[in-house]
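below: sequence and its predicted model.
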Amino acid sequence: MRFVSYRAGVTPGWGVLVGAEGVVDSRQLGNQLPSTLREFIALSATQPNLMADVKARATAATPTRLDAVTLAPCVPQPGKIICLGVNYYDHAKEGGNAIADYPAFFLRCETSLLAHGAPLQVPAISDKLDFEAELAVVIGQRTRFVSEADALKSVFGYACFNDASLRDYQRRTTQWTIGKNFDATGGFGPSLVTPDELPPGCTGLRIQSRLNGQVMQNANTTDMVFGVARTISLLSEAMTLEPGDVLVMGTPGGVGYARTPPVWMKAGDTIEIDIEGVGILSNPVTA
């Protein structure tokens, strides 16, 4: 199944995608379902038959046209957004970084997120806005001290993410947080895809970024240094992962700062993140 979060007028909601153009609102799927996708994710962890029931109801329902709603980030208010840096071999090489024995983790804030189709903003104080095609993982159940062998049981779904970064601010400190948390720079969408539709851990999938139609990054998720299962296991040693938490799995080579001359996103551009089987996240770039 594929889930979306959205606004219909002023009312926030979520639903199940039916085909490419329709969405079945959660209120059509049962009277007892919560109002947010994050709450539904948590509920589904406690009710084993809920997903099958929702799928059957969505198949039988009459969908609303997707263009009648305004999409939100897949999980609009995640508890945690945990990102990995330098997690593809070719990206480490282009940046002159050694392959680490432990992931480089950093955090994003909710205010940095934006939906598919929403404007990705170049701030007035910097023009060095870079693109980063990434796989997002949404946690589906409370997870602590999980083995790598069992870690994928904790995944609710996968989505595309653009970890757009202000490179000059990222390098002002030894920590990357400030350059990764400007408002409306973290594209997250368009939909959240359940694991049954994808290979385990999303391995072996093509991942690309395209700037104004030109392929900038072109890699395979197999090239991640730390895969999804290992990442979840390592994080669970340190913290409790909760339903609706988001892991952002790092970007492959081909980013703008590593090019000669560097390529920055600017107003009037369109940036797309395309992950095979997951979807295409597209955002116009504005000042």
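Cool, got the structure.

which ones are touching the residue nearest to Ser282 when sequence neighbours are not counted?
Distances taken as CB to CB, 6 or more residues apart in numbering put Glu272 closest to Ser282, at 4.7 Å, once the chain neighbours are dropped. All C-beta atoms are positioned from the backbone trio N, CA, C, and that covers glycine. Listed by CB atoms under 8 Å, 6 or more residues apart in numbering, the contact partners of Glu272 are Gln208, Ser209, Arg210, Leu211, Ile280, Leu281, Ser282.

do you know the pLDDT at Glu272?
You'll see Glu272 listed with a pLDDT of 98.

quick one: mean pLDDT for the host helix or strand of Glu134?
According to DSSP states H and E, Glu134 maps onto strand 133-139. The pLDDT scores in strand 133-139 average 98.

ok, then the element right after that strand?
Per DSSP H and E, the first helix or strand lying C-terminal to strand 133-139 is strand 155-163.

report the angle between the axes of that next one and strand 133-139?
Put simply, strand 155-163 runs at 150 degrees to strand 133-139, going by axes from the mean of the first three to the mean of the last three CA atoms, to 10 degrees.

250 is where my numbering starts, stick with that
In the new numbering, first residue 250, that becomes strand 404-412.

given strand 404-412, what are its sheet partners and their directions?
Sheet pairing of strand 404-412 (DSSP bridges) gives strand 382-388 (antiparallel), strand 435-442 (antiparallel).

and for Thr319, the neighbour number?
13 (other CB atoms under 10 Å).

measure it to Gly258 for me?
9 Å (CB to CB, to the nearest Å).

cool, and Asp417?
To Gly258, Asp417 is 39 Å away according to CB to CB.

just for the stretch 350-499 of the chain, where's the confidence low?
For the stretch 350-499 of the chain, no stretch is flagged by pLDDT under 70.

what segments of it are helices?
Secondary structure of the stretch 350-499 of the chain by DSSP state H, counting those that start in this stretch: the helices cover 416-419, 477-487.

which one, of these, ends up nearest to Ser254?
Closest to Ser254 of the helices of the stretch 350-499 of the chain is helix 477-487 (CB to CB; 21.7 Å).

counting contacts, what elements does that closest one pack onto?
Judged by 3 or more CB pairs under 8 Å, 6 or more residues apart in numbering; DSSP states H and E, helix 477-487 is in contact with strand 382-388, strand 495-497.

can you list the ones you listed in a markdown table and add mean neighbour count and distance to Phe437?
Below are the helices and strands packed on helix 477-487 laid out as a markdown table (neighbours: other CB atoms under 10 Å; distance: least, CB to CB, whole Å):
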| stretch | mean neighbour count | distance to Phe437 |
| --- | --- | --- |
| strand 382-388 | 28 | 6 |
| strand 495-497 | 26 | 8 |
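
any chance of those strands in TSV, with distance to Ser293 too?
Listed next are these as TSV, based on distance: least, CB to CB, whole Å:
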stretch	distance to Ser293
strand 382-388	11
strand 495-497	16
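
would you tell me which of these gets closest to Pro325?
With CB to CB, the closest approach to Pro325 among the helices and strands packed on helix 477-487 belongs to strand 495-497: 10.9 Å.

what packs against the closest one?
Strand 495-497 packs on strand 330-334, strand 382-388, helix 477-487, going by 3+ CB pairs under 8 Å, 6+ apart.

roughly how far is that strand from the heart of the chain?
Mean-position distance between strand 495-497 and its chain equals 6 Å (CA atoms, centre = their mean, to the nearest Å).

list the pairing partners of that strand within its sheet, with orientation.
Applying DSSP bridges, one finds strand 495-497 paired with strand 330-334 (parallel), strand 382-388 (antiparallel).

buried set for whichever helix or strand comes after it?
Using DSSP H and E, the helix or strand that follows strand 495-497 towards the C-terminus is strand 519-524. Going by neighbour count (16 or more other CB atoms under 10 Å), the buried part of strand 519-524 is Ile520, Glu521, Ile522, Asp523, Ile524.

switch the helices and strands packed on strand 495-497 over to CSV; also include distance to Ala367.
Formatted as CSV, the helices and strands packed on strand 495-497 follow (distance: least, CB to CB, whole Å):
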stretch, distance to Ala367
strand 330-334, 17
strand 382-388, 16
helix 477-487, 26
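
Thr311 is nearest to which of these?
Nearest to Thr311, of those and by CB to CB, is strand 382-388 at 27.3 Å.

hey, C-alpha coordinates of that closest one in CSV?
The C-alpha coordinates for strand 382-388 follow below in CSV (Å, rounded to 0.1, in the frame of the first residue of the first chain):
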residue,chain,number,x,y,z
ALA,A,382,18.8,12.2,-3.3
GLU,A,383,18.0,9.9,-0.3
LEU,A,384,15.9,7.0,0.8
ALA,A,385,13.7,7.7,3.9
VAL,A,386,12.7,4.9,6.2
VAL,A,387,9.7,5.3,8.6
ILE,A,388,9.7,3.2,11.7
